[in-house]
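1. what's the 3D shape of this:
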Amino acid sequence: MSLEGKLTKAQKAAAILVAMGKPSAAKLLRFFKQEELKALIEAARRLRTIPQSELENIVAEFEDEFTEGAGLLDSGDQMDSLLNESLSPEEISALMGWGKPSLMNDEAPPVWPDLAELTPVRLGALLQYEHPQTIAMVFSNLDSQPAANALLTFEKPLRSEVLKRMLSMTTVQPAAKQLVENQLRAMLASDTGGKDISAGQTRVAGLLNELDKSVLDEIVSDLEESGVEGIEAVKARLFTFEDIIGLDQKARVTLFDGLSTELVTLALRGAPGDLMESVLSAIGARSRRMIESELTIESDAATAAEVSRARKRIAATAIGLAATGAIDLPSMQDAA
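-> Model prediction:
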């Protein structure tokens, strides 16, 4: 005989909460009023074993009422705000997995490329007041460099909390991911600085930084002569291996701290004496001796293409450090 028709609404709610398990249910219970909690506790005490088929019917009934908006919350906006401020993405998925929420928008383009184009400061400011679990999910969906640069804009306690959650994060359900994407998209749209005028400049600088020094200088010169708008901002983002000479000693030490001796050795193959000394002077005595010894030996593996790639990798590291404020590029020093 079916128990479904004999259960009160409070008993059905209690059955769903029990089925969810302690962690998720405990999070939800704090949103109930005192009288509602009393009703749930009393209903749970009167519950008997419910067959799986009956429980599925109860969940289906809840799903139908939820999708129709049966007075659970005043609006979708309130649901969006409540979930993002109070629950982790995993907990959101537990709630939203019963049915397809109206907040989902499958046709909207992914928000991640737009976030990746923001400067570290802007991305950090956009996320700093979000729940650490939400930030962890966002960073997990971004490329490592923009995520790392934004992470460094946070205070140390928040950094640690976000990294801890990233380490323990499991697969996020599509419904939860979509909900967070929609929230981020709305935040970008409402941000007064939503149109990041530096995005195009960053893309151009990134393209130019892939070119050899001589070609890069020629193109920049042509752009300057044509009077194109924003060229100075582009120049501030340009950096090649040869520009290491223009870095101060502290910046050079920061740049080469952690870089492998193999990479540095390869990049220095064929380098002029003043550039080589600028690099070696920023490296510890032991590593310097190893590199100098290696450079005296001809290497068949050190092709021009390999040397170029090594130099671009070091230059990209410098650009990344400058983006976080760890060092100043020569163009920035000149501007100061």
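
2. only C-alpha atoms for contact and neighbour calcs from this point on.
-> OK.

3. E306: neighbour count?
-> 15 (other C-alpha atoms under 10 Å).

4. Same question for S278.
-> 18.

5. Please apply the same query to S299.
-> 11.

6. residues contacting V264?
-> The neighbours of V264, taking C-alpha atoms under 8 Å, 6 or more residues apart in numbering as the test, are 291, 310.

7. Tell me which residues are up against the helix or strand where A305 lies.
-> Element membership for A305, per DSSP states H and E: helix 304-323. Here helix 304-323 makes contact (C-alpha under 8 Å, 6+ apart) with 119-120, 145, 149, 209-210, 237-241, 255, 263-264, 266-269, 327-329.

8. Could you tell me which of the residues you listed count as buried?
-> The neighbour-count test (16 or more other C-alpha atoms under 10 Å) marks 119-120, 149, 209-210, 237-241, 255, 263-264, 266-269, 327-329 as buried among those.

9. Distance of S260 relative to Q145?
-> For S260, the distance to Q145 (C-alpha to C-alpha, to the nearest Å) stands at 19 Å.

10. can you check M187 too?
-> 22 Å.

11. likewise H131?
-> With distances taken as C-alpha to C-alpha, H131 is found 21 Å from Q145.

12. domain parsing for the protein?
-> 4-72, 74-196, 239-335 (automatic domain parsing).

13. what packs against the helix or strand hosting M137?
-> Per DSSP H and E, M137 falls inside helix 132-141. Secondary-structure packing of helix 132-141 (3 or more C-alpha pairs under 8 Å, 6 or more residues apart in numbering; DSSP states H and E): helix 89-96, helix 156-168.

14. 6 Å - rerun?
-> For helix 132-141, the packing partners by 3 or more C-alpha pairs under 6 Å, 6 or more residues apart in numbering; DSSP states H and E come out as helix 156-168.

15. So for the helix it packs on, what gets flagged as buried?
-> For helix 156-168, using 16+ other C-alpha under 10 Å, the buried residues are 158-159, 162-163, 165-166.

16. Neighbours of A282, how many?
-> If you count neighbours by other C-alpha under 10 Å, A282 ends up with 19.

17. go on, R185?
-> By other C-alpha under 10 Å, 19 other residues sit near R185.

18. Now it: closest residue in space that isn't a chain neighbour?
-> Distances taken as C-alpha to C-alpha, 6 or more residues apart in numbering place V111 nearest to R185, at 6.2 Å, with adjacent residues excluded.

19. Check which residues of the host helix or strand of I219 are buried.
-> Remark: I219 resides in helix 213-226, with elements defined by DSSP H and E. Judged by neighbour count (16+ other C-alpha under 10 Å), helix 213-226 contains these buried residues: 216, 220.

20. CA-only coordinates of it in PDB, if you can.
-> Output in PDB follows, covering the C-alpha atoms of helix 213-226 (Å, rounded to 0.1, in the frame of the first residue of the first chain):
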ATOM      1  CA  LYS A 213      63.600  41.100 -31.500                       C
ATOM      2  CA  SER A 214      64.500  42.700 -34.900                       C
ATOM      3  CA  VAL A 215      61.100  42.000 -36.400                       C
ATOM      4  CA  LEU A 216      59.300  43.200 -33.300                       C
ATOM      5  CA  ASP A 217      61.200  46.500 -33.300                       C
ATOM      6  CA  GLU A 218      60.400  47.100 -36.900                       C
ATOM      7  CA  ILE A 219      56.700  46.600 -36.400                       C
ATOM      8  CA  VAL A 220      56.500  48.800 -33.400                       C
ATOM      9  CA  SER A 221      58.400  51.500 -35.300                       C
ATOM     10  CA  ASP A 222      55.800  51.300 -38.100                       C
ATOM     11  CA  LEU A 223      52.900  51.400 -35.600                       C
ATOM     12  CA  GLU A 224      54.400  54.500 -33.900                       C
ATOM     13  CA  GLU A 225      54.800  56.300 -37.300                       C
ATOM     14  CA  SER A 226      51.200  55.500 -38.200                       C
END
